[in-house]
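Asker: Here's a sequence, model it:
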Amino acid sequence: MPEATQLSRETINCLRDEAYVYLCRQSLELELASVQAQKAAVEATKPRFAMLSLKPPFALLASKKSRETFQAALNVALAAEDGVLRNLATVDRLEHWLASKLQEDLNQFLGATDSNHQLFDQICTLVDRWQNAVAALGEHAQAFARENRVVTGPGLPLAQQVRAVAILRSATAFLYDQAAKVELIAVEIERLGEGRLPPGTRPPQLPSFRPTTWVDQAVLLPTEKANAVLKAGETEARAFCTGGKNELLIQAEVTRNAGLRARQALLETYWRGLRAHALTHYVQPRDVAEVLAELTARYLAGDLEFHQLERTKNPFNV
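Answerer: Numbers count the residues shown, from 1 in each chain. Modelled structure (predicted):
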């Protein structure tokens, strides 16, 4: 894996700030547990006051001063809890912003420097090529089916029949050739993914498109039998066009997703190492409020201004 020192200054700064946000979350979660425990302790006194206030003359024991003291303590606890929750919401937004930025930056960086990342990119690109080629096969299969129907049409003069067979033979050869090229892409995907992608993630097999020898053999049969063979080929080709092709395209997404997951796992492994490095080398003790104010101004201020502007433009806002 590339060293952290090879990263851009902007990416290193984002890793540093991500580390600060991580430390802020840890501190705030501890603070939240503490203030919620304090709130629970204050609220534990409430039932006694409520019970006494409901049963005169004992209600006199729950004096106005006692109730005010209780409410004041509860207000302090609620305000403290609200403040911590607000800060945690800010942490959530900062984490999301930094994660999105670092995901993009690290993908670009590894795409330029890491051979395994490049391999998974190549697999995904090949899946795109395979799907485009299979989609194009639909047109060639349609042409093959159309020419089959012409050959099996009744009452063709001999000259037209010879010409129709020649056109069918050409359509058959082209379809077979294009299917073979699609298969070569699948073989290359399988080779690149061997040992790196889970078993069974090879693109699906294509139907067995026929070579030109199939046409040569069919036309030598008696007319009735030849027509049956050719019509069976037409039916198979049309089935591929109307449904089989789309099913293959959907199945190929399994291969793409496997490549994307493997690439993401590689990135996350590298990212975890960078996070550990950032926590060790890029941060120092700082006040949580100071850090959140600084990072909010750096990353979220533009978003806040945008949302405020959108609210002023919205005619339904009061």
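
Asker: contacts, neighbours, all on C-alpha from now
Answerer: Fine.

Asker: Just give the number of residues close to Leu15.
Answerer: Neighbours of Leu15 under the rule other CA atoms under 10 Å: 24.

Asker: Please disregard the earlier target; I meant Pro211.
Answerer: Residues lying near Pro211 (other CA under 10 Å) number 15.

Asker: Roughly how far does it sit from Ala164?
Answerer: Going from Pro211 to Ala164 by CA to CA, to the nearest Å gives 17 Å.

Asker: by contact count, what packs against the longest helix anywhere in the chain?
Answerer: Counting residues, the longest helix in the chain under DSSP state H turns out to be helix 64-113. With contacts taken as 3 or more CA pairs under 8 Å, 6 or more residues apart in numbering; DSSP states H and E, helix 64-113 sits against helix 9-43, helix 115-151, helix 245-281, helix 288-295.

Asker: how about CSV for the ones you listed, with mean pLDDT and distance to Leu88 added?
Answerer: Shown next, in CSV, are those (pLDDT from 0 to 100; distance: least, CA to CA, whole Å):
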stretch, mean pLDDT, distance to Leu88
helix 9-43, 95, 7
helix 115-151, 93, 34
helix 245-281, 94, 20
helix 288-295, 96, 10
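
Asker: Out of these, flag the one nearest Val215.
Answerer: Closest of the helices and strands packed on helix 64-113 to Val215 is helix 115-151, at 9.6 Å (criterion: CA to CA).

Asker: any idea of the angle that closest one forms with helix 64-113?
Answerer: Using axes from the mean of the first three to the mean of the last three CA atoms, to 10 degrees, one finds that helix 115-151 and helix 64-113 are set 70 degrees apart in direction.

Asker: quick one, what contacts Leu85?
Answerer: The neighbours of Leu85, taking CA atoms under 8 Å, 6 or more residues apart in numbering as the test, are Leu32.

Asker: ok, now how distant is the closest residue in space to Val165 that isn't next to it in sequence from Thr242?
Answerer: Leaving aside its chain neighbours, Val165 sits nearest to Val151 (6.2 Å; criterion: CA to CA, 6 or more residues apart in numbering). Applying CA to CA, the value for Val151 to Thr242 is 22 Å.

Asker: what about the two, which has more around it?
Answerer: Remark: of Val151 and Thr242, Val151 carries more neighbours, 23 against 12, as counted by other CA under 10 Å.

Asker: does the more buried one really touch Leu158, like I thought?
Answerer: No - using CA atoms under 8 Å, Val151 is not in contact with Leu158, being 10.9 Å away.

Asker: Using CSV, write out the CA atom coordinates for stretch 21-38.
Answerer: The C-alpha coordinates for stretch 21-38 follow below in CSV (Å, rounded to 0.1, in the frame of the first residue of the first chain):
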residue,chain,number,x,y,z
VAL,A,21,-13.9,14.5,14.8
TYR,A,22,-13.4,10.9,16.0
LEU,A,23,-11.9,12.2,19.3
CYS,A,24,-14.7,14.7,19.7
ARG,A,25,-17.3,11.9,19.3
GLN,A,26,-15.5,9.9,22.0
SER,A,27,-15.5,12.8,24.4
LEU,A,28,-19.1,13.8,23.7
GLU,A,29,-20.4,10.3,24.1
LEU,A,30,-18.8,10.1,27.5
GLU,A,31,-20.2,13.5,28.4
LEU,A,32,-23.6,12.5,27.2
ALA,A,33,-23.6,9.4,29.4
SER,A,34,-22.7,11.6,32.3
VAL,A,35,-25.4,14.3,31.8
GLN,A,36,-28.0,11.7,31.2
ALA,A,37,-27.1,10.0,34.4
GLN,A,38,-27.4,13.4,36.1
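
Asker: What residues of that stretch count as buried?
Answerer: For stretch 21-38, a neighbour-count test (16 or more other CA atoms under 10 Å) marks 21-25, 28, 31-32, 35, 38 as buried.

Asker: if we can go back for a sec, quick check: mean pLDDT across the longest helix of the chain?
Answerer: Mean per-residue pLDDT for helix 64-113: 93.

Asker: which SSE is Ala180 in?
Answerer: Using DSSP states H and E, Ala180 falls within helix 158-193.

Asker: who's in contact with the following helix or strand past that helix?
Answerer: Remark: after helix 158-193, the chain's next helix or strand is helix 212-219, criterion DSSP H and E. With contact meaning CA under 8 Å, 6+ apart, helix 212-219 is reached by 165, 168-170, 172-173, 226, 229-230.
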